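Enquirer: Structure for this input, please:
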Amino acid sequence: MSKPFSELGISAPILKALSELNIVEPTEIQQKTIPLLLAENHDLVGLAKTGTGKTAAFGLPLLQLVDTNSTIVQAVILVPTRELGQQIFRNLEDFGKHIPNISIASTCGGIPIKPQIERLTQPTHIVVATLGRLIDLIQRKAIDLKETQYLVLDEADEMVSILKESLDEIIAELPKKHRTLLFSATLPGTIKQLIQNYLNKNVIQVSASMETVGNQGIDHEFIVVDPIEKLDVLMHFLNSKEGERGIIFCKTKAAVNKLAKNLAINRFSSGALHGSLSQGIRDRIMEQFREGHINILVATDLAARGIDVKEISYVVNYHLPDTYENYVHRSGRTARAGAKGLSLTVLQQEEVVEIVDFEKELGIKFHEFKKPSAVSLEENNTLLWAKQIFKTKPNHDISAELKTKVKTVFHHLTKDELIEKLMANYVLQNKNDVVEKPVKKFKK
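Expert: Numbers count the residues shown, from 1 in each chain. This is a model prediction of the structure:
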């Protein structure tokens, strides 16, 4: 049985906020990390899969450790994306709302820097930043880290390449005696090298929930399709999940745009998210998704980092991820806060052999998701066609005279007869489309 937050050493103002947020029981990484951060002075490496509460594991102690009587920046939290930065900033604001005079700033890229520079002229205790933006602020001498005591590297495995380039410049700004807290979902060799180079030799390593991806609530499944039927199979699956929220992952921005366009044509409530979109558009789409105005998010791996929406019931890997780490982060978007979730990977036949490697590396078991029959796919497409008609807005540019003539054609038909004829016409058109597709001829 886990200890309550009060027994971990958390102060009364933070306990009050947690109670109001209905956060009652600490997760494993929180139980192991919070007492160490409050009582020790060592560097720390925290390993836990996404969705296991790493933000509170380092955020709650930091909120308690900062001196609110001081006006200096005492802690910097580095993150790979603005979305994750915004999520952490919101969490810290919620956790610390009863701490008098606590001041937290978000300084992430993708938005104008001038308001952030202006914000940093005010007393600030904790700064949440993306790497590039922090470097920019340092170079402009807009942030003073000379007395900063804590450097947090969150989702370090997602920014290891830029960390290697930029960390020296950041470390040079910090006092010699500071604590580095590194949190990651995985521990590849590059992260081990980073720990060896930048963290104290007496670093404490804490791991939790590493035997499974995210948590026990995720069903890992795969479905084998021919390339020509891939979109139809996906739409069949999405129809079966109508009203539920999910994320579909693609490898490239172009693939995200193409799939999102197809889903929009078929009247799915969806939005696209990738790095080439302006920050304003990304924020708007995320807000629509978070508020439930759209149910499906089509995204690249990095763009989806920081999405912490509890009601995501499924994740679809429309393309097999390039790395095991990316699968961890993708699947971890679902089954959050103790809920159940599905991670479905769409494969072509030649990719099936790779599933065994994912199982061995991640310690999970995949089950095959039954592919719908050709008849079922066709029926689903017919339903999508009907929904397209239902959701089509009236064209007010069509003349009243023409509308009257068309109404006269259908005048004697009942509703059922009209539907029968429309469906028969749809089936006939589809057959004709198949027959009329040109066949390429090759010379011998």
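Enquirer: Any idea how far stretch 344-357 is from the middle of the chain?
Expert: When C-alpha coordinates are averaged (Cα atoms, centre = their mean, to the nearest Å), stretch 344-357 and its chain have centres 22 Å apart.
Enquirer: what's the first-to-last distance across that stretch?
Expert: Here the two ends of stretch 344-357 are set 16 Å apart, with distance taken as Cα to Cα, to the nearest Å.
Enquirer: In that stretch, which residues are buried?
Expert: By neighbour count on 16 or more other Cβ atoms under 10 Å, the buried set for stretch 344-357 is 344-347, 355. C-betas here are computed from N, CA, C, even on glycine.
Enquirer: The residues you listed in helices, which ones?
Expert: residue 355 (DSSP state H).
Enquirer: pLDDT and distance to residue 28 added to the buried residues of stretch 344-357, as CSV?
Expert: Supplementary listing: those in CSV, determined by pLDDT from 0 to 100; distance: Cβ to Cβ, whole Å:
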residue, pLDDT, distance to residue 28
344, 96, 27
345, 96, 27
346, 96, 32
347, 95, 32
355, 93, 28
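Enquirer: From the buried residues of stretch 344-357, which land in strands?
Expert: Within the buried residues of stretch 344-357, membership in strands is found for 344-347, as judged by DSSP state E.
Enquirer: where's the nearest residue to residue 262 once chain neighbours are set aside relative to residue 261, distance?
Expert: Counting by Cβ to Cβ, 6 or more residues apart in numbering, residue 231 is the residue found nearest to residue 262 once chain neighbours are left out, at 6.0 Å. Residue 231 sits 11 Å away from residue 261, going by Cβ to Cβ, to the nearest Å.
Enquirer: which of these two has more neighbours?
Expert: Residue environment comparison for residue 231 versus residue 261 gives the larger neighbour count to residue 231, 17 against 13, counting by other Cβ atoms under 10 Å.
Enquirer: how close does the more buried one sit to residue 248?
Expert: Remark: distance between residue 231 and residue 248 (Cβ to Cβ) = 11 Å.
Enquirer: Now do the shared contacts for the two.
Expert: Here residue 231 and residue 248 share the contacting residues residue 259, scored by Cβ atoms under 8 Å, 6 or more residues apart in numbering.
Enquirer: Quick one: find the helix or strand in this structure with the lowest mean pLDDT.
Expert: Least confident element among the helices and strands of the chain, by mean pLDDT, DSSP states H and E: helix 415-436 (a mean of 78).
Enquirer: Show me what counts as buried in stretch 161-181.
Expert: Neighbour-count burial for stretch 161-181, counted by 16+ other Cβ under 10 Å, picks out 163, 166-167, 170, 173-174, 178-181.
Enquirer: now swap in stretch 328-337 and tell me
Expert: 328-336.
Enquirer: can you give me the helices in the stretch 301-444 of the chain?
Expert: Using DSSP state H, counting those that start in this stretch, the helices found in the stretch 301-444 of the chain span residues 324-331, 354-362, 374-391, 400-410, 415-436.
Enquirer: Now do the second one: which elements does it pack against?
Expert: Same thing as helix 354-362. For helix 354-362, the helices and strands in contact under the criterion 3 or more Cβ pairs under 8 Å, 6 or more residues apart in numbering; DSSP states H and E are helix 324-331, strand 341-347, strand 366-368.
Enquirer: what does the second one contact?
Expert: Pointing back at strand 341-347 there. For strand 341-347, contacts defined as Cβ under 8 Å, 6+ apart pick out 213, 217-225, 230, 233-234, 237, 312-320, 330-331, 334-335, 354-355, 366, 369.
Enquirer: swap in the shortest one?
Expert: Applying Cβ under 8 Å, 6+ apart, the contact partners of strand 366-368 are 219-224, 345, 355, 358-359.
Enquirer: mind listing what that strand pairs with, with the direction of each?
Expert: Counting by DSSP bridges, the strands paired with strand 366-368 are strand 218-224 (parallel).
Enquirer: In the chain, where is pLDDT below threshold?
Expert: Counting by pLDDT under 70, the chain contains low-confidence ranges at 1-2, 50-51, 209-216, 303-306, 308, 337-338, 431-444.
Enquirer: Which parts of the chain are strands?
Expert: Assigned by DSSP E, the chain shows strands spanning 44-48, 75-79, 104-107, 126-130, 150-153, 179-184, 204-208, 218-224, 245-249, 270-273, 296-299, 312-317, 341-347, 366-368.
Enquirer: Mind giving me the packing neighbours of the third one?
Expert: Under the contact definition 3+ Cβ pairs under 8 Å, 6+ apart, strand 104-107 sits against helix 82-95, helix 114-119, strand 126-130, helix 131-139.
Enquirer: and it, which strands flank it?
Expert: strand 126-130 (parallel).
Enquirer: Please enumerate residues in contact with the strand it pairs with?
Expert: Outside strand 126-130, the residues that touch it by Cβ under 8 Å, 6+ apart are 62-63, 66, 73-82, 85, 88-89, 92, 102-110, 120, 134, 137, 143.
Enquirer: what's the most buried one of the strands of the chain?
Expert: Per-residue neighbour counts averaged over each of the strands of the chain give the maximum for strand 296-299, namely a mean of 27 (mean count of other Cβ atoms under 10 Å).
Enquirer: Which strands border that one, and is each parallel or antiparallel?
Expert: The strands that strand 296-299 pairs with in its sheet are strand 245-249 (parallel), strand 270-273 (parallel) (by DSSP bridges).
Enquirer: Send over it as PDB, restricted to the C-alpha atoms.
Expert: These are the backbone C-alpha positions of strand 296-299, laid out as PDB (Å, rounded to 0.1, in the frame of the first residue of the first chain):
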ATOM      1  CA  ILE A 296      -9.100  12.700 -33.400                       C
ATOM      2  CA  LEU A 297      -5.600  14.200 -33.500                       C
ATOM      3  CA  VAL A 298      -3.300  13.300 -36.400                       C
ATOM      4  CA  ALA A 299       0.200  14.100 -35.300                       C
END
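Enquirer: and the residue nearest to residue 262, how far is that from residue 263?
Expert: When residue 231 is compared with residue 263 (using Cβ to Cβ), they lie 9 Å apart.
Enquirer: Same question for residue 382.
Expert: Counting by Cβ to Cβ, the separation of residue 382 from residue 263 is 17 Å.
Enquirer: What of residue 402?
Expert: The separation that residue 402 has from residue 263, given Cβ to Cβ, amounts to 32 Å.
Enquirer: List the residues that contact the residue lying closest to residue 339 once chain neighbours are set aside.
Expert: Nearest residue to residue 339, sequence neighbours excluded (Cβ to Cβ, 6+ apart): residue 217, at 6.1 Å. Applying Cβ under 8 Å, 6+ apart, we find residue 217 in contact with 335, 338-341.
Enquirer: Go again with 6 Å.
Expert: Contacts for residue 217 (Cβ atoms under 6 Å, 6 or more residues apart in numbering) come out as 335, 340-341.
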